[in-house]
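Colleague: predicted model, plus sequence, below.
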Amino acid sequence: MVRWMRLFVAALFFCLSTAVSVRAENWPQWRGARLDGISGEKGLPTKWSKTENVLWRLPLPGQAGATPVVWGERIFLTSVDGSDLVLLCVGTDGKQLWRAVVGSGNRVIRGDEGNSASPSPSTDGKHVWTFMGTGDLACYTVEGQEVWKFNVQDRYGRFNIMHGFSSTPLLDKGRLYLPIIHGDMRTSDQEARVVCLDAATGGEVWKVERISDARSECKHSYASPILYRDGQREYLLTHGADYLVAHDLADGHELWRCGDLNPKGTYIPSLRFVASPVAVPGFIVAPSAKNRGVLCLKPDGQGDITDKPELSHWRWESNTPDVPSPLVVDGLVYLCRENGNLIVADAQTGKEVYTQPTTRDRHRASPLYADGNVYLTARNGKITVVKAGRTFEVVSLNDMQESTSASPIVSNGRIYIRTFDALYAIGKRGVE
């Protein structure tokens, strides 16, 4: 009897500790800990409004499309405040803990398409790193003390990009990776490079030139870097200037590249990449832009794999998402088009499972997967929750009644939604 009681207590402790670990997931950078837009948390709300299931709402000093990040009881996000570019630290109780002015000289893009606070911050729970479209890159302790700061343009040259620099640096194992993919549209000068920095000091670890034959606006990229990691291989992926390129993490040298995302025979000189790729073990899904192609690659390429179909799972000639990044869950690829169409395809074969419309409005945020559902966010503040799987089923439609372009995130049993006006904590009342 005593033995069975001990087993019962041990099993109960295991279940409770597992539940806590699932609920207490951090969201340390854009698209989460694995850069895939997937949360492992359960029991999340699927229905809310500006008042229903809103735990708190914190007004923000200005608009921005940067995704918040969360570690423990601290939330970090960037914003504009007049001409200032600021990093905010907010407690999970909805109260601002501190703010730091990172730079100044905000630039507004197309009225509501973006500004200089578009890149998202990242954190490891001890420090937080933030980058602005002005080139200001800084590291702070989570208590708000500045550790280091410099301007990327001063070190690596002036940005020359039509709609403002908006790529988010990638944080991994004490390093920051930043692709500087831009160039003067009037010349053929190669200005693109990828840099790796020591996150603790801001010092350069390595710098490599990123070669491309792209021309005109295609020399500009707004995509953020990601990692491919499967236990056997790992490398950095940069996306833009007509190519997806894999880089060695140790010194940045090129491992492989894949082109033809902007086919030379039907070249569009304004096909600049905005959506970032997504990588999960066995699959790398890379979008292009303007309803051109999508490709799904195998991870074991070498050299130029553009014309090596054996290294691709599949390639589409159209139906790319223009801004939202892809999502891959349970063998399915989810592509959210800018018009709200949700396309689901088999990850292995590329065979379309379905295409269905959701909210008919601009979609700029990337989809989020959590607890069996996919969350799709429209610019008008309407968030469609769709059941994941091979059958299209709308679970709910939630209206924030405020414009938004930031991707929603999940941490510690809550959904955090950043609109142009405020930061919201969405959760089931009575559940903390």
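Modeller: Nice, I can see it. Source: prediction; values computed, not measured.
Colleague: surely Asp371 touches Ile38?
Modeller: No. Look at Asp371 against Ile38 with CB atoms under 8 Å: they stay out of range, at 10.6 Å. For glycine as for every other residue, the C-beta is placed from the backbone atoms N, C-alpha and C.
Colleague: higher neighbour count, the two?
Modeller: Remark: of Asp371 and Ile38, Ile38 carries more neighbours, 19 against 15, as counted by other CB atoms under 10 Å.
Colleague: identify the bridge partners of that one.
Modeller: Beta-bridge partners for Ile38, by DSSP bridges, are Tyr369.
Colleague: what do you get for Tyr424?
Modeller: Residues in beta-bridge contact with Tyr424 (DSSP bridges): Arg57, Ile417.
Colleague: surely it touches Tyr416?
Modeller: Yes. Using CB under 8 Å, Tyr424 is in contact with Tyr416, at 6.9 Å.
Colleague: spatially nearest residue to Glu146 (excluding sequence neighbours)?
Modeller: If the residues on either side of it in the chain are set aside, Glu146 comes closest to Tyr140, at 5.5 Å by CB to CB, 6 or more residues apart in numbering.
Colleague: secondary structure element holding that neighbour?
Modeller: Tyr140 belongs to strand 136-141 when assigned by DSSP states H and E.
Colleague: what pairs with that strand, and is each one parallel or antiparallel?
Modeller: strand 127-131 (antiparallel), strand 146-151 (antiparallel).
Colleague: buried residues, the helix or strand just after the last one. List them.
Modeller: Right, the one you point to is strand 146-151. Counting by DSSP H and E, the next helix or strand C-terminal to strand 146-151 is helix 152-156. Buried positions in helix 152-156, judged by neighbour count with 16 or more other CB atoms under 10 Å: 152, 156.
Colleague: show the average pLDDT along helix 152-156.
Modeller: Here helix 152-156 scores 94 as its mean pLDDT.
Colleague: and for stretch 372-389?
Modeller: Here the average pLDDT along stretch 372-389 is 98.
Colleague: for Ala345, which non-adjacent residue is closest in space?
Modeller: Counting by CB to CB, 6+ apart, the residue nearest Ala345 is Val333, at 4.7 Å.
Colleague: so what's the one you found bridging to?
Modeller: Val328, Ala345.
Colleague: pull the contacting residues for it.
Modeller: Val333 makes contact with 283, 285, 296, 326-327, 344-347, according to CB atoms under 8 Å, 6 or more residues apart in numbering.
Colleague: run through the helices of this structure in chain order.
Modeller: 2-23, 152-156 (DSSP state H).
Colleague: where among these is average confidence lowest?
Modeller: Taking the mean pLDDT of those, helix 2-23 comes last: a mean of 41.
Colleague: so Val410 touches Arg31, yeah?
Modeller: No. Contact between Val410 and Arg31 fails when scored by CB under 8 Å: they sit 11.5 Å apart.
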